[in-house]
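Peer 1: just to be clear, the model below is a prediction. Sequence and coordinates:
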Amino acid sequence: MGGAGGDHHGHVDHGHAPDFRNKVWSMTGGPYCRPKHWKRNTAIAMAGIFLVCIPIAMKSAELEQRPHYPVRPIPSQLWCKNFGKKEY
């Protein structure tokens, strides 16, 4: 016969089991993940991302060309030096 848990005599254990959360392993670190120095590591990672992305964005703006005048305003028009130098 079916039941909602417990042993074969119908007894249900209400909260007397040991806490399993400290034994659970997951790639993200489990339910209470708080790695050491997480703020410093996050700041270092963000600085690294900016140091890589800023030169790429600058080179992209330098090389950007538009053979046709855009129909709508494009945000890169504000910082692209090549925009507006050619006759359209």
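Peer 2: Sure thing, it's come through.
Peer 1: where do the helices of the chain begin and end?
Peer 2: 38-63 (DSSP state H).
Peer 1: how deep is Leu63 tucked in, by neighbour count?
Peer 2: Neighbour count for Leu63, taken as other Cβ atoms under 10 Å: 9. Where you see a C-beta, it was placed from the backbone N, CA and C, and this is true even at glycine.
Peer 1: can you report how many residues lie near Ser76?
Peer 2: By the measure other Cβ under 10 Å, the count of residues near Ser76 is 15.
Peer 1: surely it is in contact with Leu63?
Peer 2: No - under the contact definition of Cβ atoms under 8 Å, Ser76 does not touch Leu63, with a separation of 11.2 Å.
Peer 1: remind me which residues of the chain are low pLDDT?
Peer 2: Low-confidence regions of the chain, defined here as pLDDT under 70, cover residues 1-17, 19-32, 83-88.
Peer 1: so where do the strands sit in it?
Peer 2: Listed in chain order, the chain contains no strands at all (DSSP state E).
Peer 1: pull the number of nearby residues for Lys36.
Peer 2: Summarising burial for Lys36: neighbours were counted as other Cβ under 10 Å, giving 6.
Peer 1: phi, psi of it?
Peer 2: phi -70, psi 140 (degrees, to the nearest 10).
Peer 1: can you tell me how far it sits from Pro55?
Peer 2: Taken as Cβ to Cβ, to the nearest Å, the spacing of Lys36 relative to Pro55 amounts to 32 Å.
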